[in-house]
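Q: sequence first, predicted coordinates after that:
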There are 2 protein chains.
Amino acid sequence: MPPKSTNSQKTPCQQCPLRGLAHFREFTPDELDFVSRFKTGELSVDAGATILVEGSHSAHLYTVLSGWAFRYKLLSDGRRQILNYAVPGDLVGLQGSIQGEMQHSIEALSPVTLCVFERDKLDQLFTRYPSLAYDLTWIAAQEERILDEHLLSIGRRTAIERAAYLLAFMFERGRASGLVSNRAVLPITQQHVADTLGLSIVHTNKTLRKLADRRLIRWQDRGCLVLDDEGLAAVAGWEGLPETRRPFI
Amino acid sequence: MPPKSTNSQKTPCQQCPLRGLAHFREFTPDELDFVSRFKTGELSVDAGATILVEGSHSAHLYTVLSGWAFRYKLLSDGRRQILNYAVPGDLVGLQGSIQGEMQHSIEALSPVTLCVFERDKLDQLFTRYPSLAYDLTWIAAQEERILDEHLLSIGRRTAIERAAYLLAFMFERGRASGLVSNRAVLPITQQHVADTLGLSIVHTNKTLRKLADRRLIRWQDRGCLVLDDEGLAAVAGWEGLPETRRPFI
DNA sequence: CGCGGATTTGAGCGACGTCAAGGAGCGTGG
DNA sequence: CCACGCTCCTTGACGTCGCTCAAATCCGCG
């Protein structure tokens, strides 16, 4: 497990690369000012690094600035369930900040940089920036919505539907957050897919092969190239994500 | 599907029966005053009634005051996934209020009464009562945590582990919110269990039988009597819910 | 070149699904 | 009171989806 690395302020919020994207909402100058003071540093980790561990009490919460990460839980015998993926603009570690102890772990899927916030300043945010507090609640509600969809998928979709849903979902999120250009690859292994879908790795492999045979995806360069995201969504019977502009912090 | 019924203010927040329970946090007089103005009415529905429908834009959000409800989603061919259950003190409909459109439906499992709040006043809550705004975020994060656990369960636990987890979970939540005394029954059918666990009803029946043979539960009076909640938790390998005091609104 | 991780494939098996039928409990109408 | 028609629970037979075991291949890296 590669270690974490640098920890120094780099990107000023005023020049945050996410602010330009149509997908995210604007800040008022006042909010931007607060957020830039709320942010106390930046953290860069390698692919495979653990960002937060279940059971820990972190003094920080983070917004993903670049790269892919994922949240997961383990059973005592090692069975792993991946809960969701995080892309730029996503907040991670809120749970630990607001409820004391992390109930899941977070790991980097690719090299990741994160904006670091101090939980102690959350009070100020709620007290003085109700619009940002509202955003925080919005973000939590959005995560909930996505977990609902995952639950529906794992509980009631067949293996091929689940796989198609997951890849369409990741492609959409990746695209909206600027991570996935048309020819970029989702940086996951088939083991990740298996642990997200609740399937064995062998069956996952056979299921992905079917999707590849239908020319919906191609597995290459240790990742998944999505050839036809609408085709995937159709296989899954999935509507896609709502196209609202997302707040972030 | 039985219709909704009464809609008139009944229980003043000052006399809210939930405030006495050790499980919930206290209000300051100021907060209590605001909440009692935030609450615009009360809604009582029969068992089986639909409280909110996927796709609707509700002008309200609700706190369960008494009874059991559940959230669910459907696939286009009718497959149903139950996402979570709501007990007294739980907020439902936040998603619709904060993001426009409900992405899931909510149905009453038993007769249910709900406190009705107007989404238009949410602004005031965030602006003038940061402590309540914080609570709202706390509640959303808590729901997230529970969905994480469900996802782990459906994705990685076996049928018998899943069933044991679900029943232990519901028992704990019911007890903490004052719904389940020691000899009370969880008001669910085996179809509900199946749709929560992602199993067929036949297999659910056979799985519940195994739990009954081990004297952990008994199925009676159209519901589930939990005989040994710790035994269930042990079968599932589940730690139980954290014992924090819960905020509610 | 050797090694470890990721992917691929086949064979056999077991968990869980589907189909089918029957029984128990309860409310309604005759 | 009884007949009926629900809904819910139960059980058996059998099929299949997805799991485990096992082995081979590919690849990047030291």
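A: Yes, it's here. Please read these numbers as outputs of a predicted model, since none were measured by experiment.
Q: can you name the residues in contact with the helix-or-strand element of chain A with minimal mean pLDDT?
A: The helix or strand of chain A with the poorest confidence is helix A:94-99; it has a mean of 88 (mean pLDDT, DSSP states H and E). Contact with helix A:94-99 is made by A:52, A:56-58, A:60-61, A:102-104, A:119, A:122, A:136, A:139-140, B:134, B:137-138, B:141-142, B:144-145, B:242, B:244, as judged by Cβ atoms under 8 Å, 6 or more residues apart in numbering or on different chains. Glycine gets a C-beta too; all of them are placed from N, C-alpha and C.
Q: drop anything exposed from those.
A: With burial judged by 16 or more other Cβ atoms under 10 Å in any protein chain shown, the buried subset of these is A:52, A:58, A:60-61, A:102-104, A:119, A:122, A:136, A:139-140, B:134, B:137-138, B:141-142, B:144-145.
Q: what helix or strand is the closest residue to residue A:194 other than its chain neighbours on?
A: Closest residue to residue A:194 apart from its sequence neighbours, by Cβ to Cβ, 6 or more residues apart in numbering or on different chains: residue A:204 at 4.0 Å. Applying DSSP states H and E as the criterion places residue A:204 in helix A:201-213.
Q: pull out the CA atoms of that helix and give them to me as CSV.
A: Extracted in CSV, the C-alpha atoms of helix A:201-213 (Å, rounded to 0.1, in the frame of the first residue of the first chain):
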residue,chain,number,x,y,z
ILE,A,201,-14.5,-12.2,-9.9
VAL,A,202,-14.9,-15.1,-12.2
HIS,A,203,-18.5,-14.4,-12.9
THR,A,204,-17.7,-10.7,-13.3
ASN,A,205,-15.2,-11.6,-15.9
LYS,A,206,-17.7,-13.6,-17.9
THR,A,207,-20.3,-10.9,-17.6
LEU,A,208,-18.0,-8.2,-18.8
ARG,A,209,-17.1,-10.4,-21.7
LYS,A,210,-20.7,-10.4,-22.8
LEU,A,211,-20.8,-6.7,-22.7
ALA,A,212,-17.6,-6.6,-24.7
ASP,A,213,-19.0,-9.1,-27.2
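Q: pull the residues that contact it.
A: By Cβ under 8 Å, 6+ apart, the residues outside helix A:201-213 that reach it are A:159-160, A:163-164, A:167, A:190-191, A:193-194, A:197, A:199, A:217-219, A:224, A:232, A:235.
Q: can you give the distance of the least confident helix or strand of chain A from its chain's centre?
A: Distance of helix A:94-99 from the chain centroid (Cα atoms, centre = their mean, to the nearest Å) equals 17 Å.
Q: ok, now stretch A:230-242?
A: For stretch A:230-242, the distance to the chain centre is 19 Å (Cα atoms, centre = their mean).
Q: ok, stretch A:91-103 next?
A: 15 Å.
Q: near DNA strand D, from the contacts of helix A:94-99?
A: The subset of the contacts of helix A:94-99 within reach of DNA strand D, by Cβ under 7 Å from any atom of the strand, is empty.
Q: and stretch A:166-181, what's buried?
A: For stretch A:166-181, by 16+ other Cβ under 10 Å, it's A:166-180.
Q: my read: residue A:66 touches residue A:88, true?
A: Yes - between residue A:66 and residue A:88 there is a contact at 5.7 Å, judged by Cβ atoms under 8 Å.
Q: okay, now the residue nearest to residue A:194: neighbour count?
A: Using other Cβ atoms under 10 Å in any protein chain shown, residue A:204 has 23 neighbouring residues.
Q: again, but for residue A:114
A: For residue A:114, using other Cβ under 10 Å, the count is 29.
Q: pretty sure it sits in a helix.
A: No - read with DSSP: H, G, I helix; E, B strand; the rest coil, residue A:114 is strand and lies in no helix.
Q: need the contact list for it.
A: Applying Cβ under 8 Å, 6+ apart to residue A:114 gives the contacts A:42-45, A:51, A:62-65, A:92.
Q: before we move on, what about residue A:178?
A: Residue A:178 touches A:17-18, A:21, A:23, A:88, counting by Cβ under 8 Å, 6+ apart.
Q: between those residues, identify the one with the most neighbours.
A: Neighbour max across the contacts of residue A:178 (other Cβ under 10 Å) = residue A:88, 26 neighbours.
Q: which residue is nearest the centroid of chain A?
A: Residue closest to the mean C-alpha point of chain A, counted by Cα atoms, centre = their mean, is residue A:86 at 0.9 Å.
Q: now do the nearest residue to that one once chain neighbours are set aside against residue A:226, distance only.
A: Closest residue in space to residue A:86, ignoring its immediate chain neighbours: residue A:69 at 4.4 Å, by Cβ to Cβ, 6+ apart. Distance of residue A:69 to residue A:226, given as Cβ to Cβ, to the nearest Å: 19 Å.
Q: now residue A:200
A: To residue A:226, residue A:200 is 23 Å away according to Cβ to Cβ.
Q: how about residue A:25?
A: To residue A:226, residue A:25 is 27 Å away according to Cβ to Cβ.
Q: how about residue A:248?
A: In this view, residue A:248 and residue A:226 are 24 Å apart by Cβ to Cβ.
Q: and stretch A:45-52, which residues are buried?
A: Those would be A:45, A:49-52, for stretch A:45-52 by 16+ other Cβ under 10 Å.
Q: and those, which is closest to DNA strand D?
A: Each of the buried residues of stretch A:45-52 was scored against DNA strand D by Cβ to the nearest atom of the strand, and residue A:49 proved nearest at 16.3 Å.
Q: so what does that closest one look like in phi/psi?
A: Dihedral angles of residue A:49 (phi, psi; degrees, to the nearest 10) stand at phi -70, psi 150.
Q: what sits against residue A:154?
A: By Cβ under 8 Å, 6+ apart, the contact list for residue A:154 reads A:162, A:197-198, B:151, B:154-155, B:198.
Q: can you say which of those residues are buried?
A: Buried among those (16+ other Cβ under 10 Å): A:162, A:197-198, B:151, B:154-155, B:198.
Q: so which of these also contact DNA strand C?
A: With Cβ under 7 Å from any atom of the strand as the criterion, the buried ones among the contacts of residue A:154 include residue B:198 near DNA strand C.
Q: is residue A:71 in a bridge, and if so with what?
A: Counting by DSSP bridges, residue A:71 forms beta bridges with residue A:84, residue A:106.
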